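Peer 1: 3D model of this:
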Amino acid sequence: MYPATDDLVVAVAILMAEGIKNLKAILSAPGSRGDVNPMIAIGRRLKTLGHQVVISVAAPYADLARQAGLEVEAVISDASFDRAVGNADVWRPVHGPLQIFRVMIRDFLAKHREVIERHLVPKQTVLVAHPLDLVSRIFREADQRLPLVGVHLQPVILRTLHEPPRLSPWWFEPRRPSWLIGACYSGIDHLVIDPLLRRHVNALRKQFGLNQPIRRVMDRWWLSPDTTMALYPRLFAPATENFCPALQYCGFPLDDVSGDDFSPPSDCPIVFTSGTANRHCGIFFRRAVEACLGLNRRGVLLSSYPENFPSDLPASIECHPYLSLGQLLPHCAAIVHHGGIGTTSQAFAAGIPQVIRPLAFDQFDNAERVERLGCGAWLKRDRDLTHVIDRILDLGGKVSKTASVMPPGSIVSPSSLSEMQCSLSEMQASVSGVRGAVVAADKIHEYCVERLGRV
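Peer 2: Next up is the predicted model:
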């Protein structure tokens with residue numbers, strides 16, 4: 001249910017679209033639930049604004065999108081998805097992204113191309129693309145009249161040289177100067193990413209008559225030449241503003257896409273999760289139970305895979321396959337998690353401290369940004385879990401001076417301490433009440449009316 005003011009927005013949007021019949025949006029969300037939830041929320045809003053909406057997702061999330069009223073194309077099978085997340089290497093800093101790139105090449109490129117070809121209506125369609133959706137970028141390159149809106153869920157994918165995103169847990173990862181960061185990106189492209197992607201992308205481009213091959217696929221080419229929605233606030237990644245002028249900050253989406261009702265806890269437990277797609281967090285959960293017992297705190301374990309839960313759990317620990325974090329976290333003392341952007345943003349909105357145990361992908365970067373904002377800690381060693389939780393609980397609802405409550409040494413670096421500026425309450429105030437997916441969808445709709453209205 002949208003607020004009353006949203007009814008007016010919808011009515012105005014429909015009037016703006018008068019004369020442009022049968023607007024169509026083709027969305028892509030090939031990742032896990034953290035990728036899917038925001039795109040479904042965008043699609044749901046676009047449908048309210050009068051668009052026909054088609055979304056490509058992995059099969060495990062097809063029903064979720066259908067329940068939101070969207071037309072669904074399952075482009076990655078259950079078997080392929082299970083094979084990807086079932087490989088423990090996917091949760092390692094280098095192997096994880098490479099594994100995902102392989103899945104995109106093997107399962108996504110050709111199938112999403114078929115989806116676009118089947119549903120595209122000239123002069124009436126907009127492509128709304130996940131960052132890994134290179135197919136939509138090729139369609140846009142082949143037809144400059146076809147609008148392409150990029151959707152960026154996290155800032156790590158933008159190669160800002162002045163304040164580079166954190167890509168690993170390793171102390172020797174270069175952070176400056178800018179020329180060295182640029183050289184590192186170039187080396188990664190030439191030695192790792194291009195050998196994996198470039199041949200497949202150029203082969204597909206050639207089928208569209210794009211015969212001039214491209215290099216460094218993930219440097220600048222993949223960015224939409226039209227406009228991009230950043231589903232995070234500028235405060236979270238200010239350096240991205242100058243890097244990508246077409247970026248429009250929409251705020252965190254904060255959409256769980258879950259209609260399940262539950263009774264929120266009344267005893268302020270600590271929540272533990274390693275993400276909805278992680279099948280290999282059993283050892284972490286055992287440490288979580290030990291930490292809760294040692295601190296005499298109640299705990300909630302969240303995992304889609306029941307084999308992750310320890311047997312013979314004490315009465316003070318409960319486990320669930322999935323709960324709406326938007327409903328759960330405001331009633332909790334803290335959350336210990338993997339650093340996915342969706343979980344990170346829900347903790348901001350709830351105003352609770354977070355301990356981040358990053359494994360791969362954007363998680364190291366999100367952990368560093370949370371520390372920089374003074375809203376939590378990066379867990380560098382699992383054996384420190386109890387100690388870090390004990391310290392982070394001192395934050396309560398507010399961080400006054402993070403240096404006074406965070407332990408020295410490996411848990412928070414001195415450079416991070418000097419940059420911490422924002423209290424939990426300040427961050428909560430800045431993100432709460434902003435529905436990033438709705439903002440993004442409204443901007444996409446306005447862009448379509450302007451762009452397609454003059455085609």
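Peer 1: all strands of this structure, in order?
Peer 2: For the chain, the strands defined by DSSP state E cover 24-29, 52-58, 71-76, 125-129, 148-152, 227-230, 247-249, 270-273, 299-302, 317-320, 334-337, 354-356, 376-378.
Peer 1: in a markdown table, list the ones you listed along with mean neighbour count, mean pLDDT and distance to residue 283.
Peer 2: For glycine as for every other residue, the C-beta is placed from the backbone atoms N, C-alpha and C. Below are the strands of the chain laid out as a markdown table (neighbours: other CB atoms under 10 Å; pLDDT from 0 to 100; distance: least, CB to CB, whole Å):
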| stretch | mean neighbour count | mean pLDDT | distance to residue 283 |
| --- | --- | --- | --- |
| strand 24-29 | 27 | 96 | 30 |
| strand 52-58 | 25 | 96 | 26 |
| strand 71-76 | 21 | 95 | 28 |
| strand 125-129 | 25 | 97 | 37 |
| strand 148-152 | 26 | 97 | 33 |
| strand 227-230 | 22 | 96 | 35 |
| strand 247-249 | 20 | 95 | 38 |
| strand 270-273 | 27 | 97 | 12 |
| strand 299-302 | 24 | 97 | 13 |
| strand 317-320 | 17 | 95 | 15 |
| strand 334-337 | 27 | 97 | 14 |
| strand 354-356 | 27 | 96 | 16 |
| strand 376-378 | 28 | 94 | 19 |
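Peer 1: nearest to residue 116 among the ones you listed would be which one?
Peer 2: For these, distance to residue 116 was read as CB to CB. The smallest value, 5.8 Å, belongs to strand 24-29.
Peer 1: which helices and strands does the closest one pack with?
Peer 2: The helices and strands touching strand 24-29, judged by 3 or more CB pairs under 8 Å, 6 or more residues apart in numbering; DSSP states H and E, are helix 33-48, strand 52-58, helix 109-119, strand 125-129, helix 134-142.
Peer 1: by how many degrees do it and strand 125-129 diverge?
Peer 2: If you take axes from the mean of the first three to the mean of the last three CA atoms, to 10 degrees, strand 24-29 sits at 10 degrees to strand 125-129.
Peer 1: before we move on, back to that, out of the helices and strands packed on strand 24-29, flag the one nearest residue 288.
Peer 2: Closest to residue 288 of the helices and strands packed on strand 24-29, according to CB to CB: helix 33-48, at 20.0 Å.
Peer 1: now do the closest one and strand 125-129, the angle between them.
Peer 2: Compare the direction of helix 33-48 with that of strand 125-129 by the same axes, to 10 degrees and you get 160 degrees.
Peer 1: which neighbouring elements make contact with helix 33-48?
Peer 2: Contacts defined by 3+ CB pairs under 8 Å, 6+ apart place helix 33-48 against strand 24-29, strand 52-58, helix 62-67, strand 125-129, strand 148-152, helix 341-350, helix 436-453.
Peer 1: distance to residue 357 added to the helices and strands packed on strand 24-29, as JSON lines?
Peer 2: Formatted as JSON lines, the helices and strands packed on strand 24-29 follow (distance: least, CB to CB, whole Å):
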{"stretch": "helix 33-48", "distance to residue 357": "16"}
{"stretch": "strand 52-58", "distance to residue 357": "24"}
{"stretch": "helix 109-119", "distance to residue 357": "32"}
{"stretch": "strand 125-129", "distance to residue 357": "30"}
{"stretch": "helix 134-142", "distance to residue 357": "30"}
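Peer 1: distance of residue 115 relative to residue 68?
Peer 2: To residue 68, residue 115 is 17 Å away according to CB to CB, to the nearest Å.
Peer 1: swap that for residue 34, please
Peer 2: If you measure residue 34 against residue 68 using CB to CB, the figure is 16 Å.
Peer 1: tell me which of those two has more neighbours.
Peer 2: Neighbour count, other CB atoms under 10 Å: between residue 34 and residue 68, residue 34 has more, with 22 against 19.
Peer 1: if we ignore the residues flanking it in sequence, what's nearest the more buried one?
Peer 2: In space, and not counting its chain neighbours, residue 34 is closest to residue 342: 4.1 Å by CB to CB, 6 or more residues apart in numbering.
Peer 1: identify the bridge partners of the nearest residue to residue 133 once chain neighbours are set aside.
Peer 2: Distance criterion CB to CB, 6+ apart; nearest residue to residue 133, sequence neighbours excluded, is residue 28 at 4.0 Å. Residue 28 forms beta bridges with residue 56, as assigned by DSSP bridges.
Peer 1: residue 28 reaches residue 55, doesn't it?
Peer 2: Yes - between residue 28 and residue 55 a contact is recorded at 7.3 Å, counting by CB atoms under 8 Å.
Peer 1: state the distance from residue 290 to residue 322.
Peer 2: Using CB to CB, residue 290 is found at 24 Å from residue 322.
Peer 1: same check, this time on residue 215
Peer 2: Here the criterion is CB to CB. By it, residue 215 lies 41 Å from residue 322.
Peer 1: so for these two, which residue has more residues nearby?
Peer 2: Under the criterion of other CB under 10 Å, the comparison of residue 215 against residue 322 puts residue 322 first, with 14 against 11.
Peer 1: so what does the more buried one look like in phi/psi?
Peer 2: Phi and psi for residue 322, reported as degrees, to the nearest 10, are phi -170, psi 140.
Peer 1: ok, it touching residue 301?
Peer 2: No - between residue 322 and residue 301 there is no contact under CB under 8 Å: 11.6 Å.
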